[in-house]
Each structure stands twice: as C-alpha cells, then as structure tokens.
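>>> curious how this folds, go ahead:
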Amino acid sequence: MAKQMQKLSDRLAKRNIRDETWLTLRNSCYPTATQDELLMLIDYCQARNLDPIKKPVHIVPLQTKQTNPNTGRDEYVTKNVIMPGIYELRVTAHRTGQFVGMTDPEFGEPITIGSTTVPSSCTVRAKRAFTINGQLHIGEFPGRVLFHEVAGFKKEWDDVQRKKVPKGLNKMWAERPVTMLIKCAEAAALRSAFPEEIGNEQVVEEVDIDDAGQPIPANDKSKRRGALADDVIEGESEELPEPEAPDPILRDRQASLEALTQRARPVPPAPEPETNQVDDLADVPDYVVTPPAEPDPKNPKPPIPEQDDIPF
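Reported below is the predicted structural model:
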C-alpha cells in the first residue's frame, strides 16, 4: 500500500496537481471516476490548457468494436473515454479573439415524438471576424441539425427484430429537448467557423449515450459488451475488473480527521454523588394513623395519655 501511495503521489507531482485539487476532483467534480480515468482527464485538460474543476469535459461510455482473441469474433466493448462539452468549444472560439457571437436559433416545424412536441430542426450561425485586403469582414457560418438525427433515445431489446430499437427519448432529451437541440446546432456552427482550432470532434451533447450520459453499470454484461444483445455469447463467462484500491491520499486525510475528532471529543461529566434525600414519594414509608379514643360516658374526663404518647 505504501508503494501505491508513493506511485500516486509521484503521478500527481509530475502533473503539478496538489492534494487539495485532487480531492476536489475526486469527491466533488467526478465522484464516479476511477484514478486512471481522472488522471487521463487531467492530461486532456492540461494539453488543451483547460481547468478541470470547471468541468469542460466529460467521462462517457462509448462502444468500440474489437476482435476477441479467444473466439475470433468481433465484439462491442464499452470503454469510458474523455469527450468535450459545448463549454470547451465556446472557450476555444473565444480564445481566437475573432469570435463575434451567435445568431438566435431558428426552429423548423414542430413534430411529436411520443408525448413530446419538439422542433424538427434548429439552425444557428457562428459569427467570425476576419480581415481581407485590410478590410474587416464578419462571416456567418451556419450549423443546422435535425432532431431525429441528434436526439438521444432509450433502446430496448426487440424479440421480433432481434436487436435494440429506440423506445422514446432518454432522460436528458425528454427533460430539455430544445436546449439540447440548440447545443448541437451551436457545436456544428462553431466547428464550421473554427475548423482549425476545434477540428471535427463531437461534443457529449451530440452522442447518443445510454441513460442520458450516465456511466453504464460495470455489472451489466449486455451493456458492457455492446449495444446489441445478440453480440453477447450465451454461457460465456467474462471476468469483471478488479476493484480499485482506495485512494491513499483520501484515506490518509480521513484517518487524520478521525484522529483529530477523537482528540477533540469532549469528556463526559462525572456522575453526581448519591444522596439520602428522598426524591420520590414512593420511597416514603407508610405510617398507620390511630384515631383518637372515644370518651367513656361513665367517666367524661379525657383519659390521661401515657408517657410515650406525650409529644414533648
């Protein structure tokens, strides 16, 4: 464990990452990411000069096709990869100093998908300033997307077609269909206006991800092996990844906090000494009250009390 701690500390020191920054990324920004995925995200952000705490990129599951060396069959394997969001494209465009802004979105005719009415398309234009023969020009670069081409759908297995088919919009697109459509059109316009600076990379909003971008569960065999259920070989055992060792930095911080809390815990007050004071009427003994003697009609004088009955 000491070697593992030293290895992680060396990897963080190599990237000039402080322990506080690492704990913030691990516990708050990307709580479901593994150590290797988080280090890969840090490398991506440092290469693009981005602040990872601002979450410019996302860790998303994508399916890649590869050949199984044991069976020789092509299989779809799900891997978590780093993908930029629309935030990174906006930052890249602003850094050029030539980005002027975006036009208002233009929507197509409304269509109905399930119980949701959405625009059939969206068009926005990115404005870029450039100089030709000493004269300033503002160019508009359109980005148009169709809803049915970019929207994310839930997929369920169909026994008749023997494959997964769309069954309604996924959670993200069902809750914010217009916002997601505008983001996709904006990404297309920014790629058109800044091809050299942005390239041809897609943003996470444009990728059809299962469960609206949430990581696919590691114990879901059909999803980890691929989107198509018939790609899973029945009866074939598959080794699950080894559980990740606890974060040594986080573990040491928690141990130090527990030790400090133990030292600062207040001492309970000493018990009060017992007293003979009667606090409960139930502890008071019962006394028998003797009624006074009735006078003798032959001797009207009251009887003389005995010595023990005299109260003084």
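
>>> and residue 131, what does it touch?
Each residue near residue 131 by Cβ atoms under 8 Å, 6 or more residues apart in numbering is listed here: residue 137. (C-beta placed from N, C-alpha, C; glycine too.)

>>> pretty sure it sits in a helix.
No: using DSSP: H, G, I helix; E, B strand; the rest coil, the assignment for residue 131 is strand, not a helix.

>>> low-confidence ranges, the chain, go.
Residue ranges of the chain with pLDDT under 70: 1-5, 209-312.

>>> strands of that one, start to end?
In the chain, the segments counted as strands under DSSP state E are 57-67, 74-84, 99-102, 106-107, 110-113, 116-119, 121-132, 135-146, 153-158, 163-169.

>>> is it true that residue 50 touches residue 88?
Yes: shown here, residue 50 and residue 88 form a contact pair, counting by Cβ atoms under 8 Å, at 6.5 Å.

>>> the more surrounded of the two?
residue 88 (24 against 20; other Cβ atoms under 10 Å).

>>> what sits against the closest residue to the more buried one other than its chain neighbours?
Distance criterion Cβ to Cβ, 6 or more residues apart in numbering; nearest residue to residue 88, sequence neighbours excluded, is residue 56 at 4.4 Å. Applying Cβ under 8 Å, 6+ apart, we find residue 56 in contact with 45, 48, 50, 84, 85, 87, 88, 91.

>>> recalculate using a threshold of 7 Å.
Listed by Cβ atoms under 7 Å, 6 or more residues apart in numbering, the contact set of residue 56 reads 45, 50, 84, 85, 87, 88, 91.

>>> excluding chain neighbours, what is closest to the fifth one?
With sequence-adjacent residues excluded and distances taken as Cβ to Cβ, 6+ apart, residue 87 is closest to residue 56, at 5.0 Å.

>>> how near is that neighbour to residue 186?
Shown here: residue 56 relative to residue 186, a distance of 15 Å by Cβ to Cβ, to the nearest Å.

>>> and residue 79, by the same measure?
27 Å.

>>> so which of those two has more stuff around it?
Between residue 79 and residue 186, counting by other Cβ under 10 Å, residue 186 is the more crowded of the two (24 against 12).

>>> the more buried one contacts residue 87, correct?
No: between residue 186 and residue 87 there is no contact under Cβ atoms under 7 Å: 11.0 Å.

>>> still on that earlier bit, rebuild the strands of the chain as CSV, extending it with distance to residue 176.
Putting those into CSV (distance: least, Cβ to Cβ, whole Å) gives the following:
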stretch, distance to residue 176
strand 57-67, 16
strand 74-84, 18
strand 99-102, 18
strand 106-107, 15
strand 110-113, 14
strand 116-119, 11
strand 121-132, 13
strand 135-146, 15
strand 153-158, 15
strand 163-169, 10
